[in-house]
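Enquirer: I'd like to go over a predicted model; first the sequence, then the structure.
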Amino acid sequence: MADRKVIAVVGATGAQGGGLVRAIASDPGGGFAARALTRDPGSDKAKELGRLGAEVVAADVDDPESLKKAFAGAYGAFCVTFFWAHFSPEKELAQAKGMAEAARATGLQHVIWSTLEDTRQWVPLDDDRMPTLMGKYKVPHFDAKGEADGLFKASGVPVTLLRTSFFWDNFIHFGSGPKKGPDGGLAITFPLGDARLPGIATEDIGRCAYGIFKDGKSLAGKTIGIAGEHLTGEQMAAALGTALGRPVRYNDVPPDVYRGFGFAGAEDLGNMFQFKRDFNDAYCAARPIEGARRLNPDLQTLDAWLAANKDRIPLE
Ligand SMILES: NC(=O)c1ccc[n+]([C@@H]2O[C@H](COP(=O)([O-])OP(=O)(O)OC[C@H]3O[C@@H](n4cnc5c(N)ncnc54)[C@H](OP(=O)(O)O)[C@@H]3O)[C@@H](O)[C@H]2O)c1
């Protein structure tokens, strides 16, 4: 371990961070070692990371002192927040502040901040094409991350801002998968019109992050967007249908209808998809597929991801 650069990985038992720990573990000669941060080192997921060779340490992103201890002596850190665990942009900002300060205090040489656009730079609060949410956001879970970019930059630590894409894993875990309609047929529903949705397997986010650490500090100070593919709703439905062996339809709905679906976060996600639709060219251009593949030569297409994961998609 002493001769390797230690990367402290926030969210290591989760999707993005887990992908990074596994990417580091699968390349023992790569010069890096993973330090997996978790609130519970005794959990099954944490123990599994230990078996892969990661150093497992306790830390809570709500506790800045625990972050300083966990970052101490590391070369770099992968920083991520967990909006859907609490639905609070203010909490995300506070957690990002704690991570940025811990990175500065411990003299880290390279940090990756997993972020998204502050959509208010495209859709100011007085633009009524979409409602303002929680008093000062358009897309709360995007805007807080984008606002937190400034906290990482101000820390003076070399930071790469990593703009991720729609997780294809949402078809399994996030309620975005095909649902049965009144006619019994399967459909996916997005308010995207014929816009393209940059998407990616979460495992590939971790692999791209590893590619950024390997490229080194030349990528510090840069904003890097990644995606596995940019696909329309029709194309995603066709890929799902082929993988599942049954037709899947794309159900395009207006953003207002999506915002009114009533599930927790529906308004936030309705605004998010509208932002991706209304600024589609810029949003896709910020997530070049070839750039992601250079960082991660194993980058999956949706078809490849579905071939490996289709049996995990719940069909309601
Ligand atoms: N879904 C999408 O399409 C999408 C796209 C782009 C970005 N995002 C963003 O991705 C973020 C979530 O990333 P993810 O999916 O990789 O996370 P995730 O899989 O939900 O990660 C969960 C892990 O985070 C850890 N965690 C939660 N609260 C913690 C805390 N207070 N202190 C330390 N660790 C904590 C937990 O680890 P322990 O229990 O072991 O502590 C848990 O295993 C969200 O902010 C979301 O907005 C999502």
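Expert: Thanks, I have the structure now.
Enquirer: Contact distance from the ligand - what residues of the stretch 1-150 of the chain qualify?
Expert: 11, 13-17, 38-40, 43, 46, 60-62, 80-85, 116, 141 (Cβ under 6 Å from any ligand atom). No exception for glycine: its C-beta is placed from N, CA and C like everyone else's.
Enquirer: so who does I289 touch?
Expert: By Cβ atoms under 8 Å, 6 or more residues apart in numbering, the contact set of I289 is A227, G228, E229, H230, L299.
Enquirer: quick one: what helix or strand has the closest residue to A209 other than its chain neighbours in it?
Expert: Once flanking residues are discounted, A209 sits nearest to L20: 4.8 Å by Cβ to Cβ, 6 or more residues apart in numbering. Assigned by DSSP states H and E, L20 belongs to helix 15-25.
Enquirer: Now do that helix: which elements does it pack against?
Expert: If you count contacts as 3 or more Cβ pairs under 8 Å, 6 or more residues apart in numbering; DSSP states H and E, helix 15-25 packs onto strand 5-9, strand 32-38, helix 44-51, strand 76-79, helix 202-215.
Enquirer: Throw these into a markdown table and include mean pLDDT, thanks.
Expert: Output for these, formatted as a markdown table (pLDDT from 0 to 100):
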| stretch | mean pLDDT |
| --- | --- |
| strand 5-9 | 98 |
| strand 32-38 | 98 |
| helix 44-51 | 98 |
| strand 76-79 | 98 |
| helix 202-215 | 98 |
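Enquirer: Buried deepest among the ones you listed, which one?
Expert: strand 76-79 (a mean of 30; mean count of other Cβ atoms under 10 Å).
Enquirer: Give me the residues contacting it.
Expert: 5-11, 16-17, 20, 71, 96, 99-100, 102-103, 108-114, 152, 209, 213.
Enquirer: For those residues, which ChimeraX command selects only the ones that are buried?
Expert: The ChimeraX selection below is limited to those of the contacts of strand 76-79 classed as buried (16 or more other Cβ atoms under 10 Å):
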select :5,6,7,8,9,10,11,16,17,20,71,96,99,100,102,103,108,110,111,112,113,114,152,209,213
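Enquirer: Tell me which residues touch whichever residue of the stretch 101-250 of the chain sits closest to the ligand, please.
Expert: Using Cβ to the nearest ligand atom, the single residue of the stretch 101-250 of the chain nearest to the ligand is F167, 3.6 Å away. Contacts for F167 (Cβ under 8 Å, 6+ apart) come out as A15, F174, G199, I200, A201, T202, I205.
Enquirer: 6 Å instead, please
Expert: Contacts for F167 (Cβ atoms under 6 Å, 6 or more residues apart in numbering) come out as T202.
Enquirer: just the one 10 residues further on next, same as before
Expert: For G177, the set of contacting residues under the criterion of Cβ under 6 Å, 6+ apart consists of F171, I313.
Enquirer: please redo it, this time with the cut-off set to 8 Å
Expert: Per Cβ under 8 Å, 6+ apart, neighbours of G177: N170, F171, I188, L240, I313, P314, L315, E316.
Enquirer: And it, how close does it get to P255?
Expert: Applying Cβ to Cβ, to the nearest Å, the value for G177 to P255 is 20 Å.
Enquirer: How about C79?
Expert: Distance from C79 to P255, by Cβ to Cβ: 30 Å.
Enquirer: Fine by me, thanks again.
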